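> got a predicted model here, sequence first, then my questions.
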Amino acid sequence: MSEARVRGLVLGSALGDAAGVAGGRWPTEGPLRIGVSTQLTAFTIEGAIRASVRLNHKGICHAPSVIWHAYCRWAVLQGIEPQRISERWTKGGGRQWPNGWLAQVPALGERRGSAPATVAALTGLTQGSLTQPVSDSRGAHALTRSLPLGLLLLLAVPDACATVIRETAALTHGAPDAQDAALGAARLVSRCLIDDDPFRTWTASPSDRDHPTDALVHSLPMPHSASPDTVLDLLKAPGAVPDTRQLAWLAPDATASATLLGALLVVSRFPGRDTIGAALRFAAGAPDGGSVAFTAGALLGAAHGVDALPVGLLSRLEIAWVLDTLARDLLQQYVDSPGGSEYVPARDPHWWNRYPGG
């Protein structure tokens, strides 16, 4: 696994989000605007970093709760009941909040689309759990915002990280199939980060039913009551002509499972590093094109690295520097903890101010 692939994961997903915002038609000039999926993903990454910092310094941490705290900061920046949510965390103490550097990024405070299940949970001031859900939502944001957590499956205890990913989805999305899709997508991301050619093995043979992706497809709700084998035969057709009708059939709505199936179709039709721009345009043609393109961009970016992303598009991507910094910092925190720990002095004396773990 390389830093270039981690950066590709984060920036590729945001480029997919921008493709969805643009409806698959890249504007000829000006910035490429991000959507709400990128905003929430940025705060997921920041929350994951702060959770690790807290664990190093305090010795105890429930990572999904720290990520929930990050979503609360996003809500306040968005103007979503800022007084009520701020008082929940400051308890009238008057300390500066939201804190951390990410709260200073203007674009993260602008409304960029809807996230109804997430907003409903945040305004209710109650984080959901696997045993006490706050909704029955099956929406795609449970998956999209959790994709970078696939990196943690490679750097920490996999079983514990799998629980964190499911619990992070459950903060706002109570449907088990949405949580399954979020974990399955994160596992695919982890494969993309380390496999030499992940898409070839995923689509190698329709008769091969032993690959982990096959088991994942069998675990998801199927569109239009189709059989999993029918869906797998459609996905495992490398070299097939991209067909928007097939994409709409596989991903007919904005659920997490449909988003994942749509993204799998995209990468099976555009597996190469030289066709990422075309892949994202195709993905954006799905009924919920932003989520499908976001997920496909994450998988393609993780597999091929940041250098494979189209420079002409990436250079115009809104908050690209912010996202690139988050990607680098997430990897750095879990590899060598620049903020130190309870017993080890910080190598970077400013790390705690950037990612407070208190």
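Received the coordinates, thanks.

> could you measure from the nearest residue to Leu147 once chain neighbours are set aside over to Glu110?
Spatially, and ignoring its direct neighbours in sequence, Leu147 is nearest to Ala298 (4.6 Å; C-beta to C-beta, 6 or more residues apart in numbering). No exception for glycine: its C-beta is placed from N, CA and C like everyone else's. Using C-beta to C-beta, to the nearest Å, Ala298 is found at 22 Å from Glu110.

> compare those two (neighbour count), which wins?
Neighbour totals were compared for Ala298 and Glu110, and Ala298 leads with 32 against 15 (other C-beta atoms under 10 Å).

> immediately after the helix or strand of the chain with the lowest mean pLDDT, which helix or strand?
Within the chain, no helix or strand scores below helix 198-202, which has a mean of 75 by mean pLDDT, DSSP states H and E. Proceeding N to C from helix 198-202, the next assigned helix or strand is helix 212-219, under DSSP states H and E.

> so which elements touch that following helix?
Applying 3 or more C-beta pairs under 8 Å, 6 or more residues apart in numbering; DSSP states H and E, we find helix 212-219 packed against helix 176-194, helix 228-235, helix 256-269.

> now those helices as CSV including mean neighbour count?
Formatted as CSV, the helices and strands packed on helix 212-219 follow (neighbours: other C-beta atoms under 10 Å):
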stretch, mean neighbour count
helix 176-194, 23
helix 228-235, 17
helix 256-269, 28
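
> any weak-confidence spans in the stretch 251-358 of the chain?
Low-confidence segments of the stretch 251-358 of the chain, defined by pLDDT under 70, span residues 358.

> run the last query once more with 90
For the stretch 251-358 of the chain, applying pLDDT under 90 flags the ranges 341-343, 357-358.

> quick one: the helices in it, in order.
256-269, 276-283, 289-304, 311-314, 320-336, 351-354 (DSSP state H, counting those that start in this stretch).

> any idea which of those helices is most buried?
helix 289-304 (a mean of 31; mean count of other C-beta atoms under 10 Å).

> what's that helix packed up against?
Where contact means 3+ C-beta pairs under 8 Å, 6+ apart, helix 289-304 is packed against helix 3-21, helix 36-58, helix 141-144, helix 176-194, helix 198-202, helix 256-269, helix 276-283.

> 6 Å instead?
Counting contacts by 3 or more C-beta pairs under 6 Å, 6 or more residues apart in numbering; DSSP states H and E, helix 289-304 is packed against helix 3-21, helix 176-194, helix 256-269, helix 276-283.

> the third one to helix 176-194, inter-axis angle?
Orientation note: helix 256-269 sits at an angle of 30 degrees relative to helix 176-194 (axes from the mean of the first three to the mean of the last three C-alpha atoms, to 10 degrees).

> sorry, back to before: run through the residues that contact the residue nearest to Leu147.
9, 12-13, 147 (C-beta atoms under 6 Å, 6 or more residues apart in numbering).

> just to revisit the earlier point, just send the helices of the stretch 251-358 of the chain back as CSV, with distance to Val76 too.
Putting the helices of the stretch 251-358 of the chain into CSV (distance: least, C-beta to C-beta, whole Å) gives the following:
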stretch, distance to Val76
helix 256-269, 26
helix 276-283, 31
helix 289-304, 24
helix 311-314, 30
helix 320-336, 18
helix 351-354, 18
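
> tell me which of those helices lies nearest to Arg88.
Evaluated with C-beta to C-beta, these place helix 351-354 nearest to Arg88, the distance being 22.6 Å.

> what does that closest one contact?
Residues outside helix 351-354 that contact it (C-beta under 6 Å, 6+ apart) are 101, 338-339.

> check Ala140 and give its pLDDT.
On pLDDT, Ala140 comes in at 98.

> give the residue spans of the stretch 51-200 of the chain that score low on pLDDT.
For the stretch 51-200 of the chain, applying pLDDT under 90 flags the ranges 59, 87-97, 156-157, 196-200.

> now the strands for it?
In the stretch 51-200 of the chain, no strands are defined using DSSP state E, counting those that start in this stretch.

> re earlier: of the helices and strands packed on helix 289-304, give the one that comes closest to Pro356.
Pro356 lies closest to helix 3-21 among the helices and strands packed on helix 289-304, at 21.4 Å (C-beta to C-beta).

> quick one, that closest one and helix 256-269 angle?
Interaxial angle of helix 3-21 relative to helix 256-269 (the same axes, to 10 degrees): 110 degrees.

> give the other helices and strands that helix 3-21 contacts.
Identification of packing neighbours for helix 3-21 by 3+ C-beta pairs under 6 Å, 6+ apart yields helix 36-58, helix 289-304, helix 320-336.

> name the residues that touch the last one?
In other words, helix 320-336. Identification of contacts with helix 320-336 by C-beta under 6 Å, 6+ apart yields 3, 6-7, 10-11, 14, 45, 49, 52, 105, 155, 338.

> do the same with the first one
Among residues not part of helix 36-58, those counted as contacts by C-beta under 6 Å, 6+ apart are 14, 17, 61, 63, 66-67, 70-71, 74, 102, 108, 112-113, 115, 144-145, 148, 294, 326, 329-330, 333, 337, 339, 341-342, 355, 357.

> how about the helices in the stretch 51-200 of the chain?
Remark: helices assigned in the stretch 51-200 of the chain by DSSP H, counting those that start in this stretch are 63-77, 82-90, 116-123, 141-144, 152-155, 158-170, 176-194, 198-202.

> before we move on, back to that, from the contacts of helix 36-58, which would you call buried?
Buried by 16 or more other C-beta atoms under 10 Å: 14, 17, 61, 63, 66-67, 70-71, 74, 102, 108, 112-113, 115, 144-145, 148, 294, 326, 329-330, 333, 337, 339, 355, 357, out of the contacts of helix 36-58.
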